[in-house]
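Participant: Need coordinates for the below:
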Amino acid sequence: AVWNEDGSRVLTVGWDGTARIWDATTAKELLVLSDGASVEQASWNQKGSRILTISENGTARVWDAETGQELFVLPQEAFVTQVSWNAEESRILTVSDDGQARIWDAESGAELLTLSHDAFLSDASWSEDGSRIFTVGCDEQDEWDTCVKGSARVLDAASGAELLTLPLDEVAIQDEGNRAILNSDGSRLFTHDFGPTAHIWDLASGEGLTISHDTELTDAVWNEDGSRVLTASWDRTARVWDAASGAELLTLLHEGTINHAIWNRDESRILTVSDDRTARVWDAETGDLLTILPHSAGVDQASWDRSESRILTVSNDGRATLFYVTLDDLVDAACGRARRNMTPLQWALFMGDEPYRATCPDLKTGLAQAQPTPSEGGTTSSADDSQPTSTSTTPTPEPTSTPVPTLPLELASFEDPAGVFGLSYPANFDQVEE
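Facilitator: Residues are numbered from 1 along each chain as shown. Below is the predicted model of the structure:
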């Protein structure tokens, strides 16, 4: 599942073969995208006006995100396995199971360029400015079609001309599982395959260094200035590495495979998700565990919204779940939905001996609702509404929030040791890749 840019909508891909758009506040279903085959990946463009999908029949399609109308299909015979826009969103890059990558015009769907390695290409990605493309692939196979020599390549995105080749002789290039990721200033390239090792390349010198987990890597991402890399692995750890020296700076431990790891915007926090049925938030400097978000199944993916007050996760039981990051965030959300604060009786019921206060300062205190009306035999009070007063009647507790949709939506609350709650979307939805 993935947010749109302003965090108002969520895009999911489901086991039922559809992509769906939801209101991120109410969990109301807004649109269903279906091409008659099972949609397997989906992503927003930056403006949130278009959606790019891949289906199990191998097609890549572009949709209008407001109307759900299919705009065009990228016409190719091979099955598409990866798809992404460039920074300007004028071009689309696909990787297909024929071992080639292709560049398409994002407005017309016309094919502009074909890219390949000597044997097959397994991964391709854009540079941040869209001027270059980075590929990983096999250049030589033995008689059993096992790759014995591979490379990472830097290509000109306009012409396809090869600018730099980085040999990966000792890397077992697979048909899938290989990645090439450029840092933000374009000075270093991170490559990894299906195994435990990864390489950080200096693109000016062509020299590289090797980092390694105990078992296979599952994810990797650069920090903003390109000085560090965050990796995740089957060995139950996420690790932070110095990109210049390859030194391991931090190790974060789960009880199961870590499937995904990301920094927040200011890089003060790291978010990890694992097969141990948790998502976790860590202090990025000390490695201290700050928050645990429990799930009913292993977690595959997670992301912060733009304000970083909410975390969206996808677990392998098909649930996309929205969590408030802190208790303050939860209170803010509750105040946004509530009609008034609690009455003194409600406060005493839930808060015990804690002195009464208005949790939501912009709402009524709820004290007026606690006063008897003249028809009940009492008298009206002119006392300051902010001070609790005794009453001669026992008030009937009123709802403290506006109604929330139920079926066909599933609304659930999850509480971790820090008191974080979550809003769960329907249970028939699975992971969508970013």
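Participant: separation between Ile200 and Gly352?
Facilitator: Between Ile200 and Gly352 the computed distance is 55 Å (CB to CB, to the nearest Å). No exception for glycine: its C-beta is placed from N, CA and C like everyone else's.
Participant: Now do the helices in the chain.
Facilitator: Using DSSP state H, the helices of the chain run over residues 327-337, 344-351.
Participant: Name all residues that make contact with the residue nearest to Leu155 when sequence neighbours are not counted.
Facilitator: Excluding its sequence neighbours, the residue lying closest to Leu155 (CB to CB, 6 or more residues apart in numbering) is Ile133, at 4.7 Å. The contact partners of Ile133, taken as CB atoms under 8 Å, 6 or more residues apart in numbering, are Leu93, Ala101, Ile103, Leu115, Ala124, Ser125, Trp126, Ser127, Val154, Leu155, Asp156, Ala157.
Participant: In a markdown table, list these along with pLDDT.
Facilitator: As requested, the contacts of Ile133 are exported to a markdown table (pLDDT from 0 to 100):
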| residue | pLDDT |
| --- | --- |
| Leu93 | 93 |
| Ala101 | 89 |
| Ile103 | 94 |
| Leu115 | 90 |
| Ala124 | 88 |
| Ser125 | 87 |
| Trp126 | 88 |
| Ser127 | 85 |
| Val154 | 88 |
| Leu155 | 91 |
| Asp156 | 93 |
| Ala157 | 93 |
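Participant: Please identify which of those is nearest to Asp266.
Facilitator: Ser127 (23.9 Å; CB to CB).
Participant: just to revisit the earlier point, quick one: which of the helices of the chain has the weakest pLDDT on average?
Facilitator: Here the helices of the chain differ in mean pLDDT, and the lowest is helix 327-337 at a mean of 74.
Participant: wait, what's in contact with Glu56?
Facilitator: Glu56 neighbours (CB under 8 Å, 6+ apart): Gly17, Ala37, Ser38, Val39, Glu40.
Participant: which of the residues you listed has the weakest pLDDT?
Facilitator: Ala37 (73).
Participant: Check what pLDDT the nearest residue to Trp22 once chain neighbours are set aside gets.
Facilitator: The shortest distance from Trp22 to any non-neighbouring residue, by CB to CB, 6+ apart, is to Val10 (4.6 Å). pLDDT, Val10: 86.
Participant: Could you list the low-confidence segments of the stretch 201-350 of the chain?
Facilitator: In the predicted model, the stretch 201-350 of the chain carries no residue with pLDDT under 70.
Participant: again, only using 90
Facilitator: 201-208, 290-296, 301, 303-350 (pLDDT under 90).
Participant: Now do the strands in it.
Facilitator: 208-212, 217-222, 228-233, 237-242, 248-253, 258-263, 269-274, 278-283, 289-294, 299-304, 310-315, 320-324 (DSSP state E, counting those that start in this stretch).
Participant: Between these, which one is closest to Gly68.
Facilitator: Per CB to CB, nearest to Gly68 of these: strand 320-324, 18.9 Å.
Participant: Pull out the buried residues from that closest one.
Facilitator: Within strand 320-324, the residues scored as buried using 16 or more other CB atoms under 10 Å are Ala320, Thr321, Leu322, Phe323, Tyr324.
Participant: Adjacent strands (with direction) for that strand?
Facilitator: strand 310-315 (antiparallel), strand 422-424 (antiparallel) (DSSP bridges).
Participant: and that strand, how far out from the chain's middle?
Facilitator: Remark: strand 320-324 is offset 11 Å from the chain centroid, using CA atoms, centre = their mean, to the nearest Å.
Participant: still on that earlier bit, comparing Ile200 and Gly352, which residue is more hemmed in?
Facilitator: With neighbours defined as other CB atoms under 10 Å, Ile200 and Gly352 compare such that Ile200 has more, 23 against 7.
Participant: Am I right that that one is in contact with Ala243?
Facilitator: Yes. Contact criterion CB atoms under 8 Å: Ile200 and Ala243 qualify, at 5.4 Å.
Participant: Quickly list what's touching both of the two.
Facilitator: Arg188, Phe190, Val229.
Participant: bridging residues for Leu52?
Facilitator: Applying DSSP bridges, one finds that Leu52 bridges with Ser43, Val62.
Participant: got a list of what the residue nearest in space to the middle of the chain touches?
Facilitator: Nearest to the mean C-alpha position of the chain, by CA atoms, centre = their mean, lies Ser303 at 3.4 Å. Shown in contact with Ser303 (CB under 8 Å, 6+ apart): Val2, Trp3, Ile262, Leu271, Ile311, Leu312, Glu434.
Participant: do you know how far it is from Leu327?
Facilitator: If you go by CB to CB, the gap between Ser303 and Leu327 works out to 21 Å.
Participant: Likewise for Phe120?
Facilitator: 51 Å.
Participant: the more surrounded of the two?
Facilitator: Regarding Phe120 and Leu327, a neighbour count based on other CB under 10 Å identifies Phe120 as having more, with 20 against 12.
Participant: so how many other residues sit close to the nearest residue to that one once chain neighbours are set aside?
Facilitator: Excluding its sequence neighbours, the residue lying closest to Phe120 (CB to CB, 6+ apart) is Gly99, at 3.0 Å. Neighbours of Gly99 under the rule other CB under 10 Å: 17.
Participant: Need the pLDDT of the closest residue to Ile103 other than its chain neighbours.
Facilitator: Once flanking residues are discounted, Ile103 sits nearest to Leu113: 4.2 Å by CB to CB, 6+ apart. We have a pLDDT of 93 for Leu113.
Participant: still on that earlier bit, mind checking which of the contacts of Glu56 are buried?
Facilitator: Of these, these count as buried by 16+ other CB under 10 Å: Val39, Glu40.
Participant: got TSV for the contacts of Glu56, with distance to Asp23 too?
Facilitator: Formatted as TSV, the contacts of Glu56 follow (distance: CB to CB, whole Å):
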residue	distance to Asp23
Gly17	22
Ala37	26
Ser38	24
Val39	20
Glu40	24
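Participant: Pick out whichever of the contacts of Glu56 sits closest to Leu252.
Facilitator: Using CB to CB, the contacts of Glu56 come closest to Leu252 at Glu40, 29.5 Å.
Participant: ok, that closest one touching Ile54?
Facilitator: Yes. Using CB under 8 Å, Glu40 is in contact with Ile54, at 5.4 Å.
Participant: what's around Gly109, how many residues?
Facilitator: Gly109 is flanked by 16 other residues according to other CB under 10 Å.
Participant: when you give positions from now on, start the count at 48
Facilitator: All set: I'll call the first residue 48, so the last point we hit is now Gly156.
Participant: what sits against the closest residue to it other than its chain neighbours?
Facilitator: Ranked by CB to CB, 6+ apart and with sequence neighbours excluded, the top spatial neighbour of Gly156 is Phe119, at 4.0 Å. By CB under 8 Å, 6+ apart, the residues touching Phe119 are Arg108, Val109, Ser155, Gly156.
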